[in-house]
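Asker: model the following, please.
(chains A and B)
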Amino acid sequence: EDQVTQSPEALRLQEGESSSLNCSYTVSGLRGLFWYRQDPGKGPEFLFTLYSAGEEKEKERLKATLTKKESFLHITAPKPEDSATYLCAVYDYGGATNKLIFGTGTLLAVQP
Amino acid sequence: DSGVTQTPKHLITATGQRVTLRCSPRSGDLSVYWYQQSLDQGLQFLIQYYNGEERAKGNILERFSAQQFPDLHSELNLSSLELGDSALYFCASSPRLAAETQYFGPGTRLLVL
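Answerer: The predicted structure follows:
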């Protein structure tokens, strides 16, 4: 069964304390890995799309990387405004439907 | 602001009732997706429409249905509502049918009492 697993479930950091979030996936035909940020009660906000192993993308304090089995979201010197749930998702074309499969997210709290 | 709009923002109704949620995709996007997000289930794909036609189905209940109109807006109809249908419902859109970035709307929070 296709799966997306994110870890840790929750992470508390001090402002300026860098860390990484993990997303591991098992799909029969990967066609892209996506990172979103979601604030409470809001819609997911698109961050990055990665298509092939070795690819990296950066935006401000965030950097996403992709290997054949997992992706990392590195957060460098985070600020309190980076506090949110970070969701990872993959497309799967291997089954009967081409749908976006989401992980359950990592809840990040950055304390001043 | 993603450019995807959803109405209403909040909806409170009773069990057994029927409601309609509305979504307008980003300008130029032909694909519309519906998702349900509840506390214990995470974000679950329901259904996709492309240029008016149903193209993919996920974990959508038979009590739920959707359609996409010629102007590309979409509606999600939920009927015979149960307490467990209380959730956030999101619409997303993308330009085409291929595996590409989806942009999400602000969501509709449904509370079934």
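Asker: roughly how far does the nearest residue to B:G3 once chain neighbours are set aside sit from B:D1?
Answerer: Spatially, and ignoring its direct neighbours in sequence, B:G3 is nearest to B:R26 (3.8 Å; CB to CB, 6 or more residues apart in numbering or on different chains). C-betas here are computed from N, CA, C, even on glycine. From B:R26 across to B:D1, the span is 10 Å (CB to CB, to the nearest Å).
Asker: same drill for the two, tell me which one is more crowded.
Answerer: B:R26 (17 against 8; other CB atoms under 10 Å in any protein chain shown).
Asker: contacts only, for that one.
Answerer: With contact set as CB atoms under 8 Å, 6 or more residues apart in numbering or on different chains, B:R26 has these partners: B:S2, B:G3, B:V4, B:S93, B:Y103.
Asker: ditto for A:P44
Answerer: Shown in contact with A:P44 (CB under 8 Å, 6+ apart): A:Y36, A:R37, A:Q38, A:L87, B:L43, B:F90, B:F104.
Asker: closest to A:K99 out of those residues?
Answerer: The closest of those to A:K99 turns out to be B:L43 (CB to CB; 11.3 Å).
Asker: which residue sits closest to the residue most central in space within chain B, ignoring its sequence neighbours?
Answerer: Centroid check for chain B by CA atoms, centre = their mean gives B:W34 as the closest residue, at 3.2 Å. Among residues not flanking B:W34 along the chain, B:L46 sits closest, at 4.3 Å (CB to CB, 6+ apart).
Asker: could you give the bridge partners of A:A89?
Answerer: Beta-bridge partners recorded for A:A89 (DSSP bridges): A:F34, A:F102.
Asker: quick one: residues contacting it.
Answerer: A:V4, A:L33, A:F34, A:W35, A:Y36, A:L100, A:I101, A:F102, A:G103, B:L43.
Asker: what count of nearby residues applies to the fifth one?
Answerer: Right, A:Y36. 23.
Asker: repeat that for the second one.
Answerer: By the criterion of other CB under 10 Å, A:L33 has 23 neighbours.
Asker: what about dumping the CA coordinates of the helix or strand B:R55 falls within to CSV?
Answerer: Secondary structure from DSSP states H and E places B:R55 in strand B:53-57. Provided in CSV are the C-alpha atoms of strand B:53-57 (Å, rounded to 0.1, in the frame of the first residue of the first chain):
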residue,chain,number,x,y,z
GLU,B,53,-15.3,15.6,-16.1
GLU,B,54,-14.7,13.4,-13.2
ARG,B,55,-11.1,12.1,-13.4
ALA,B,56,-10.1,10.5,-10.1
LYS,B,57,-11.8,9.3,-7.0
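Asker: following the chain past it, name the next helix or strand.
Answerer: strand B:64-68.
Asker: give me the contact list for that following strand.
Answerer: Strand B:64-68 has contacts (CB under 8 Å, 6+ apart) with B:32, B:34, B:46-47, B:49-54, B:60, B:74-79.
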